[in-house]
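1. here is my input; please provide its structure:
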Amino acid sequence: MKIQNDTETGTKNGDSPNHSKNSIADTMLSFIWAIANAIMAVVFFYSGFVQLNDPDWFLWLLGYKMAGIVCVGLVAQSLKMTETVKSQQAAQIMALLAGLSLVFHSTIHKDNLNFSVYTEEGREAMGLALVCLWMTTGWLATPSSKATNSKSCQNVGSVAIATMVVAFCTVVLLSLWAVPRFLLNKEDLTIHCQGLGFGPQEPEL
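-> Model (predicted):
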């Protein structure tokens, strides 16, 4: 009888085995999303830095820096450092702005629009698409302190998906170093694109 009473008491207090597993999954999910947003913050801040010698640098710098700041806010939200969902609301706005910018960019470059790393228009289009994609992801998927008891935060499958997202973010970050160094040469870059960041390797003499 005592064991039964203890079990009932534990269940009432929310200490059941299923609750413990859900709490662990929730904590892991929040931590993994924090890592993903931290990686993307680095990606966007770096992407803004390499725009400094662009003729319209202020537009790209503003866009990338704002995306990076939103990612920092999503990190704080994932780690329960804030009780609000303002970062997700900001991500929603950034996703909309990036999407509209991509449409505008596609319109003015419709004759040579592509998503190739070998052209400036292609790299710009990929950058806008990445901002739009990640801001949408942050808006819809980043766990908040108010979502602790939601089924999505308690699902172990969500942890696996978030882990794959971190892998994707890592690939994006590494590509910022690998693509310029191993796929591009100076002929692929306009003059104002040279001299910042991980540029093409100089040919060996």
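
2. remind me, longest helix of this protein?
-> Longest helix in the chain, counting residues (DSSP state H): helix 17-49.

3. after that one comes which helix or strand?
-> Where DSSP states H and E defines the elements, the next helix or strand beyond helix 17-49 is helix 57-78.

4. relative to helix 17-49, how tilted is that following helix?
-> Angle of helix 57-78 versus helix 17-49, following axes from the mean of the first three to the mean of the last three CA atoms, to 10 degrees, is 160 degrees.

5. next, the buried residues of helix 57-78.
-> Neighbour-count burial for helix 57-78, counted by 16 or more other CB atoms under 10 Å, picks out 60-61, 63-75, 77-78. Bear in mind the C-beta positions are built from the backbone N, C-alpha and C, glycine included.

6. list the helices and strands the helix or strand following it packs on?
-> Next in sequence after helix 57-78, counting helices and strands by DSSP H and E, comes helix 86-108. For helix 86-108, the packing partners by 3 or more CB pairs under 8 Å, 6 or more residues apart in numbering; DSSP states H and E come out as helix 57-78, helix 120-141.

7. who touches residue 99 in this structure?
-> Counting by CB atoms under 8 Å, 6 or more residues apart in numbering, residue 99 touches residue 132.

8. for residue 129, see how far away it is.
-> From residue 99 across to residue 129, the span is 9 Å (CB to CB, to the nearest Å).

9. and residue 87, by the same measure?
-> To residue 129, residue 87 is 21 Å away according to CB to CB.

10. which one of those two has more residues nearby?
-> Taking other CB atoms under 10 Å, residue 87 and residue 129 do not tie; residue 87 has more neighbours (24 against 15).

11. wouldn't that one be in contact with residue 69 here?
-> No - using CB atoms under 8 Å, residue 87 makes no contact with residue 69, being 9.3 Å away.

12. how about residue 141: what's its closest non-neighbour residue?
-> With sequence-adjacent residues excluded and distances taken as CB to CB, 6 or more residues apart in numbering, residue 141 is closest to residue 33, at 7.1 Å.

13. quick one on the thing from earlier: just put the helices and strands packed on helix 86-108 in CSV and tack on mean pLDDT.
-> Shown next, in CSV, are the helices and strands packed on helix 86-108 (pLDDT from 0 to 100):
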stretch, mean pLDDT
helix 57-78, 90
helix 120-141, 89
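
14. out of those helices, flag the one nearest residue 108.
-> Comparing these against residue 108 with CB to CB, the closest turns out to be helix 120-141 (9.3 Å).

15. list the buried residues in the closest one.
-> Applying a neighbour-count criterion of 16+ other CB under 10 Å, one finds 120-128, 130-132, 134-139, 141 buried in helix 120-141.
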